[in-house]
Each structure stands twice: as structure tokens, then as C-alpha cells.
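In: after the sequence you'll find the predicted model.
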There are 2 protein chains.
Amino acid sequence: MAEDRRIRKTRRALRDALVGLVLERGFTTLSVEDITQRADVARATFYSHFRDKDELFARVTRDLLDELDERLRPAMAETAVGFTGKPVLEMLGHARQERDLYRIVLRGEGDGKPLRMFTEACARVAAEEFRGRSERNDVKPRIDADLLARVWVGEQVSVLQWWVEHEAPPMPAEEVVRMLLDLALRGRYWATGFDRPS
Amino acid sequence: MAEDRRIRKTRRALRDALVGLVLERGFTTLSVEDITQRADVARATFYSHFRDKDELFARVTRDLLDELDERLRPAMAETAVGFTGKPVLEMLGHARQERDLYRIVLRGEGDGKPLRMFTEACARVAAEEFRGRSERNDVKPRIDADLLARVWVGEQVSVLQWWVEHEAPPMPAEEVVRMLLDLALRGRYWATGFDRPS
DNA sequence: ATGTTTCCAGACAGGTTGTTCGCTAACGCA
DNA sequence: TGCGTTAGCGAACAACCTGTCTGGAAACAT
């Protein structure tokens, strides 16, 4: 049923039109007609697929997150030091490949709903990982796992924004990972050459 | 000239109506009429003050940032270890006091524009502080000051979001500051009881 | 008390939304 | 290949929202 070539074609066209237009003009300024026009699709057809443009955006974001999840899962097994390593590298790769979409999501287009989907998905995975880690080490963590997850996600999103908004990658992904790892291990004050207060 | 009691009254009413309604229904779903109705103001009057609802939101956000700045400035002098300390505590206090507004800004309502105003204001102050610090210590920072500032702001915003979205504060502000300070000084792996890899 | 400024209610054209209608063309499958 | 099914099209619809402009009433500062 979902095999129909016509359906795939119009959905794809609407998706691409949305991403391109949001990138150029911002989400709120768009009318459904703008989107269908660029997608070369009748307006009535749009409404047979999505309730409104928010639903389209949400769907596109959900697909992206599924793709990311699929890519992250095997990477998680391959790292000795938790997140900052192979998984982050994988995420940067994904962001490079779907750069336009990452951009508009991370900009908070659509009243920040897609961005919230993104951060919450990341935070869920992170909190899980942190909890699992302290259990394996049989240590009562000194810092609340949820708070720690939020800190990590905030850092991650921030770096991704910075990374993806540059025309050319401002530095190689491997270099970014190195810096983040450095920060995670040694803390932030050290990074600015500030002696640690006692 | 800007002393007219009527002006202050309608601006205040519009501001409160906006914040309340965005919190309840989200920014994009609101019409100007919704706002003026709750504010008990004629629709025509709205347009004599603001071009559209985005301008109203931007104005409200700008006022908040001015207030925050005023509160942060004296706190900066009172801290030995940079940001994470008195300034962050002050910020949490401000967020508690203007909680509803902080919520909608940090949610990224309004296509993330107000949130971007917020983060950029913070990043500017942070980058300045980081640069000044490494100059005072006469050390070439190992990590780019702008990137570091972005990371810090991302972390800060993320924690703020988490903090204001709970009905009751999930932990006292002092406790949050203690943990963040800990992370900044000692790094993240330590926090979950994970031995540092060589 | 007075001249000025703001607010109000109502009306306006132009655009957007979401839904509905037959009709046509492309589709999957046997 | 042919057939029954399904998606797409274009047009039309009321309901709503936007931004602007009136003239008159009310509140303001001085």
C-alpha cells in the first residue's frame, strides 16, 4: 500500500521543498501554497498527506531521528569512553550528510518543536548511558544523571550548531571530537589556561 | 513623553497576555486578536505599538535581557572562578522570578529568534570573559575561545531549560551551581564514577 | 481648563487555511 | 495486457487572519 511510486514521489518532493524553503525564508513565513508550488504538487494533495505544515516538519524530523538512531546504535558498542568518541563522530558525519535539515532543526524553526524532539531523543539515550556506566562501576554518582545528560546534550547541540552553520567545516570532525574529549576528561578551566583553584 | 500612563498600561497588558498565551498554546497558533482580547485592548491599538506579534515578542525578550544584564554585571566582579559561581546563581534566581517568560524563550517559541537573542547575549559576555582570563594568565588557550563560549552557553541554556520546566525546582540553585562548578573543574567522566582512561 | 495624545470600534481589501468536488492519469496485480 | 483501485489535479468554498485607515470619545500632562 505504501509502495505506490506516486506517494513516495510527492512526499519526497514536499520534504525537499520544505527544507529548502525553511532554510531560505524561515518556517513561519511559509504558506502551504509556497511549499506545494516549489514541490510542484497540488495544494489539495498536500492535505491528503499532512494535516498542516507542522505535521510535515515533524514527520521529516522523526525520519531523521530514526536514521540517526540506526547509525548511533552500532557506534555505541565501539567506544570505551562513553559518548564522546565514536558516537559523536558518527553524529557529525550524519550532520554533514544531512546538513540543511540539521541546520533548520538546530535553529529551532517551527517554534522549537523539532529541536525539542532532537534534544529529548539525545538526552534519553545519554541519561541511560550515564546511569548504566555508574552502575557498572558500582559508584553512587556525585552528579544527578538527568542533570549530567542535559549538560552533555546542551554541549553537543551547541557544537553541532556551530559546526553545521559554517559553509566549510571549520575544523575536521576528528579534531572536534578530540577537543570535546579533552573537555570531558579535564574540565573547562584547564582549557583556558586557568590554574585550578584549590 | 513615554511617561503616559495609558501607554504603560497597554504595553504591560499586551506583554502579560503574550506570555500567558504562548505558554498555554504556543506562539504560532496565536492571532493578534487572541492577544488583544486577553489584554482587553483594541486590535487597532496593538498595531499602533508593534508591527506584528514577532516585534512584541522581540521587545519583551530585549527587556528581559537588559534586566538580566543589570543583574549579572555586579555578580561578575564577585567571583574568583569566572562564570560558574555567583553569576550562574544570579541567573537561576532571575529565571525563577521570571519563570514563565524564561520558559517560552528557552523553548524556542517564535522560530527560535528570542532564544537566539538570549544565547548570543550570553555568548558575547562569555567569550569576553574567557579571552580576558587567558590573557591575564598569559596562556595561549588550547581551545578556541568562541567554541568554548558556545559550549558553555549551550550547557547553560540546557540546564536552565531543565530547571524552569519543572513545576517545583528539581534541586536548589546552590546545588546546581556546585555541580556545574565541579564539572567545569574536574571534567565529566569523574562525575559518574568512571575511571579516567589514560 | 485646554490642547494634545491615545484608545476605541468598525470597516476594508488581500491573503491563508482546510475541505470538498468530479475528472483524469498512474499505479499494482493477475 | 487489461482491469479495478488509488493518488493527483484544479477549482471553488466559507471562515479566518492580517495590516491599514477612519472619526469620535476618553484620558492625559501641564
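Out: Noted; the coordinates are in hand. Residues are numbered from 1 along each chain as shown, chains lettered A, B, ... in the order given.
In: which strand or helix spans the closest residue to residue A:62 other than its chain neighbours?
Out: Nearest residue to residue A:62, sequence neighbours excluded (C-beta to C-beta, 6 or more residues apart in numbering or on different chains): residue A:117, at 7.1 Å. (Each C-beta comes from the backbone N, C-alpha and C, glycine too.) Using DSSP states H and E, the element containing residue A:117 is helix A:113-136.
In: tell me the angle that helix makes with helix B:113-136.
Out: For helix A:113-136 against helix B:113-136, the angle by axes from the mean of the first three to the mean of the last three C-alpha atoms, to 10 degrees is 50 degrees.
In: for the residue lying closest to residue A:41 once chain neighbours are set aside, give its distance to chain B.
Out: In space, and not counting its chain neighbours, residue A:41 is closest to residue A:10: 5.3 Å by C-beta to C-beta, 6+ apart. From residue A:10 over to chain B the distance is 25 Å, taken as C-beta to the nearest C-beta, to the nearest Å.
In: and the helix or strand harbouring residue A:10, what's buried?
Out: Using DSSP H and E, residue A:10 falls within helix A:5-25. Neighbour-count burial for helix A:5-25, counted by 16 or more other C-beta atoms under 10 Å in any protein chain shown, picks out A:10, A:11, A:13, A:14, A:15, A:16, A:17, A:18, A:19, A:21, A:22, A:23.
In: tell me how far the residue nearest the centre of chain A lies from chain B.
Out: Among the residues of chain A, the one closest to the centroid is residue A:118, at 5.1 Å (C-alpha atoms, centre = their mean). Noted for residue A:118: a distance of 11 Å to chain B, by C-beta to the nearest C-beta.
In: apart from its neighbours in sequence, what residue is nearest that residue?
Out: residue A:105 (5.7 Å).
In: find the helix or strand that that neighbour is a member of.
Out: Using DSSP H and E, residue A:105 falls in helix A:99-106.
In: list the helices and strands that helix packs on?
Out: On a contact count with 3 or more C-beta pairs under 8 Å, 6 or more residues apart in numbering or on different chains; DSSP states H and E, helix A:99-106 meets helix A:5-25, helix A:53-77, helix A:113-136, helix A:145-164.
In: helix or strand right after the first one?
Out: Downstream of helix A:5-25, the next assigned helix or strand under DSSP H and E is helix A:32-39.
In: so who does the residue nearest to the centre of chain A touch?
Out: Listed by C-beta atoms under 8 Å, 6 or more residues apart in numbering or on different chains, the contact set of residue A:118 reads A:61, A:65, A:105, A:106, A:157.
In: from these, pick the one nearest chain B.
Out: Of all the contacts of residue A:118, chain B sits closest to residue A:157, with 5.9 Å by C-beta to the nearest C-beta.
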